[in-house]
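**Student:** Starting from these lines, generate the structure:
(chains A and B)
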Amino acid sequence: KAGVTQTPRYLIKTRGQQVTLSCSPISGHRSVSWYQQTPGQGLQFLFEYFSETQRNKGNFPGRFSGRQFSNSRSEMNVSTLELGDSALYLCASSLGPQGSGANVLTFGAGSRLTVL
Amino acid sequence: GESVGLHLPTLSVQEGDNSIINCAYSNSASDYFIWYKQESGKGPQFIIDIRSNMDKRQGQRVTVLLNKTVKHLSLQIAATQPGDSAVYFCAENNAGGTSYGKLTFGQGTILTVHP
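**Tutor:** Coordinates of the predicted model:
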């Protein structure tokens, strides 16, 4: 079956602009998480969605937001871009509640954002 | 200002050797641990996981060991191959039953396998 699909794969923006990134989870996966990966900070959790509800949020400013649709697809948005937002943004999906709360995350290839 | 990149630990081995990658985790409440492999230009790929009620789990050519006393996790790769060259991350889930996708990742270890 198809993996996690993220679009666009690469994009370049300028400071002050906004960006929307899209993620299509594996079919049947209902939980979607987003991570930011940078050389300086490594992999950092942004937020997590299940059934169109944000379940957890990482320590990022309010410029970072996301949502999940009824078909489990998710988008994240970053407004008023700063140079430091340049990063690889990774989406991961998992099945969701299985009683234990622990699921295997399957990651997409990421969207590489460059802010000039 | 200028950002300083993480100085990732590196491990260099010869093809056919066994590799051991170590990870120290911080939260004693973490109940689920995972190892991921990330190749250049790709997202992290699941390797193996282990729950806190276990101390060892084996997969194909890989073994994960968990020592909760010292909060240490290790990944052993048998008969390492050039295709194993990648960055390896350990991750922990310390959100209990409230999260399906919130993981705290380690800084990563660069594994290089020489033919």
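**Student:** all helices for the chain, in order.
**Tutor:** No chain specified, so I'll use chain A. Ranges of helices within chain A: none, based on DSSP state H.
**Student:** how about the residues of it near chain B?
**Tutor:** A:4, A:31-33, A:35, A:38-45, A:48, A:50, A:55-56, A:58, A:84, A:90, A:92-97, A:100-110 (CB under 8 Å from any CB of the partner chain). Every C-beta, even on glycine, is put in place using the N, C-alpha and C of the backbone.
**Student:** Okay, and which of those residues map to strands?
**Tutor:** Using DSSP state E, the subset of these located in strands is A:31-33, A:35, A:38, A:42-45, A:48, A:50, A:55-56, A:90, A:92-94, A:106-107.
**Student:** sorry, back to before: which of the residues of chain A next to chain B are buried?
**Tutor:** Listed as buried from the residues of chain A next to chain B are A:4, A:31-33, A:35, A:38, A:42-45, A:48, A:50, A:55-56, A:58, A:90, A:92-94, A:96, A:101-103, A:105-110; burial here means 16 or more other CB atoms under 10 Å in any protein chain shown.
**Student:** mind listing the strands for chain B?
**Tutor:** B:10-14, B:19-24, B:32-38, B:45-51, B:56-58, B:62-67, B:72-77, B:86-93, B:104-105, B:109-114.
**Student:** now the ones you listed in a markdown table, with mean neighbour count?
**Tutor:** Shown next, in a markdown table, are those (neighbours: other CB atoms under 10 Å in any protein chain shown):
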| stretch | mean neighbour count |
| --- | --- |
| strand B:10-14 | 13 |
| strand B:19-24 | 17 |
| strand B:32-38 | 23 |
| strand B:45-51 | 17 |
| strand B:56-58 | 13 |
| strand B:62-67 | 18 |
| strand B:72-77 | 19 |
| strand B:86-93 | 23 |
| strand B:104-105 | 18 |
| strand B:109-114 | 16 |
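**Student:** Any chance of a markdown table for these, columns distance to chain A?
**Tutor:** Below are the strands of chain B laid out as a markdown table (distance: least, CB to the nearest CB, whole Å):
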| stretch | distance to chain A |
| --- | --- |
| strand B:10-14 | 15 |
| strand B:19-24 | 13 |
| strand B:32-38 | 4 |
| strand B:45-51 | 5 |
| strand B:56-58 | 13 |
| strand B:62-67 | 14 |
| strand B:72-77 | 15 |
| strand B:86-93 | 6 |
| strand B:104-105 | 4 |
| strand B:109-114 | 12 |
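**Student:** Including mean pLDDT, could the ones you listed go into TSV?
**Tutor:** Below are those laid out as TSV (pLDDT from 0 to 100):
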stretch	mean pLDDT
strand B:10-14	96
strand B:19-24	96
strand B:32-38	95
strand B:45-51	94
strand B:56-58	97
strand B:62-67	97
strand B:72-77	97
strand B:86-93	94
strand B:104-105	93
strand B:109-114	96
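**Student:** If anything else comes up later, I'll come back, but that's it for now.
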